[in-house]
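# heads up, no residue letters with this:
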């Protein structure tokens, strides 16, 4: 019996370490970033799919994103302890030393940028820019002003641009339009999440949201609705550029109509239910749009 307990202890410690690193790099978030970049690459590429290039892009993107998320937690470990949803992160909970996290971030950024540089200088530049702005501009700004949301939306949308420049080797209108699609999408997405978690953010002193005015916050809801309207011209761009066809155009425009509808309800009605509906629909918008673009291109 004692042997089993002793043998199982290293296994449980190793499993905990794996879970801690998953939290450190924000595994699910990093995978969604990789998905956006890979889909943008597939939409922008011409000819047969280069599967090796796709693997390199996914690996480089995941490492750079993981490094940015790790540095974010290093800088915010004292504030993460104050919020319920982040208190169990490895640095906040004291299960990992800061030196280990910083070293991990350094190695991930080094190998990640190196992998992206195998494509062209643009991919390496945008990967580095996304890492630096997320960790060292957006992260400290969160405690200063709601304008941090706009700053954070830039590195949040850069994976689309990185995927396009990896495929095309230069800045193109397609890359900029996909960047804009994810850029504008983030505002209603974040404001619904920020509204729902307002009290938790306030505990840590974050000023990502304007002062919340009860259940019917007209200012936040109106801004969310305006940004959904900006998605309409952007979603038409791949069709006008003759990259995709009418089917994906119809699908993405329908998604934009629904997104605008949920944002309008958040503005007019307010409350937890409309914020939840907007948040859950926002999770569908980008992946379904990108899959539609790619499938229509085929």
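Structure received. These numbers come from a predicted model, not from an experiment.
# element containing the nearest residue to residue 258 once chain neighbours are set aside, please.
Counting by C-beta to C-beta, 6 or more residues apart in numbering, residue 281 is the residue found nearest to residue 258 once chain neighbours are left out, at 6.3 Å. To be clear about C-beta, it is placed using only N, CA and C from the backbone, and glycine gets the same treatment. According to DSSP states H and E, residue 281 maps onto helix 272-297.
# Buried residues, that helix. List them.
For helix 272-297, a neighbour-count test (16 or more other C-beta atoms under 10 Å) marks 274-279, 281-282, 285-286, 289-294, 296 as buried.
# So for residue 206, what's the pLDDT?
Looking at residue 206, its pLDDT reads 83.
# which SS state does it fall under?
Per DSSP: H, G, I helix; E, B strand; the rest coil, the secondary structure class of residue 206 is coil.
# List phi and psi for the closest residue to it other than its chain neighbours.
Nearest-residue entry for residue 206: residue 142, 5.0 Å, with adjacent residues in sequence omitted and distances by C-beta to C-beta, 6+ apart. Dihedral angles of residue 142 (phi, psi; degrees, to the nearest 10) stand at phi -60, psi -30.
# what about residue 142, how many residues close to it?
Using other C-beta atoms under 10 Å, residue 142 is surrounded by 22 other residues.
# tell me the contacts of it?
148, 152, 206-208 (C-beta atoms under 8 Å, 6 or more residues apart in numbering).
# which parts of the helix or strand hosting residue 52 are buried?
Per DSSP H and E: residue 52 is located in helix 51-80. Buried positions in helix 51-80, judged by neighbour count with 16+ other C-beta under 10 Å: 54, 56-58, 60-77, 79-80.
# quick one: the helices in the stretch 1-150 of the chain?
In the stretch 1-150 of the chain, the helices defined using DSSP state H, counting those that start in this stretch lie at 2-24, 27-44, 51-80, 90-93, 98-117, 121-133, 139-141, 148-168.
# Now residue 140: closest residue in space, sequence neighbours ignored.
residue 75 (7.1 Å).
# Verify the stated contact: that neighbour with residue 141.
No - the criterion here is C-beta atoms under 8 Å, and residue 75 misses it with residue 141 at 11.4 Å.
# Tell me the span between the first and last residue of stretch 168-177.
14 Å (C-alpha to C-alpha, to the nearest Å).
# Count the residues that sit near residue 240.
12.
# same thing with residue 264?
18.
# what's the helix or strand for it?
Using DSSP H and E, the element containing residue 264 is helix 246-268.
# Now do that helix and helix 27-44, the angle between them.
140 degrees (axes from the mean of the first three to the mean of the last three C-alpha atoms, to 10 degrees).
# Who are the packing partners of helix 246-268?
helix 173-196, helix 218-240, helix 272-297 (3 or more C-beta pairs under 8 Å, 6 or more residues apart in numbering; DSSP states H and E).
# Which strands or helices does the last one pack on?
Of the remaining helices and strands, those touching helix 272-297 by 3+ C-beta pairs under 8 Å, 6+ apart are helix 27-44, helix 173-196, helix 218-240, helix 246-268.
# Deepest-packed of these, please.
Of all the helices and strands packed on helix 272-297, helix 173-196 has the most neighbours on average by mean count of other C-beta atoms under 10 Å, namely a mean of 22.
# what's the model's confidence in it, averaged?
94.
# Which strands or helices does it pack on?
Against helix 173-196 (3+ C-beta pairs under 8 Å, 6+ apart) you get helix 27-44, helix 148-168, helix 218-240, helix 246-268, helix 272-297.
# Now the second one: average pLDDT?
Right, the one you point to is helix 148-168. 95.
# And it, what's buried?
Buried, per 16+ other C-beta under 10 Å, within helix 148-168: 148-149, 151-168.
# Using the record's domain definitions, break this structure down for me.
As assigned by automatic domain parsing, the chain contains the domains 1-170, 172-298.
# okay, the nearest residue to residue 109 once chain neighbours are set aside: pLDDT?
Of all residues not flanking residue 109 in the chain, residue 67 sits nearest, at 4.0 Å (C-beta to C-beta, 6+ apart). Residue 67 carries a pLDDT value of 97.
# any idea how far residue 67 is from residue 38?
18 Å (C-beta to C-beta, to the nearest Å).
# What is the least confident helix or strand in the chain?
Sorting the helices and strands of the chain by mean pLDDT, DSSP states H and E puts helix 2-24 at the bottom, at a mean of 75.
# Format the helices and strands packed on helix 173-196 as JSON lines; extra columns: distance to residue 104.
JSON lines is the format used below for the helices and strands packed on helix 173-196 (distance: least, C-beta to C-beta, whole Å):
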{"stretch": "helix 27-44", "distance to residue 104": "13"}
{"stretch": "helix 148-168", "distance to residue 104": "19"}
{"stretch": "helix 218-240", "distance to residue 104": "35"}
{"stretch": "helix 246-268", "distance to residue 104": "36"}
{"stretch": "helix 272-297", "distance to residue 104": "28"}
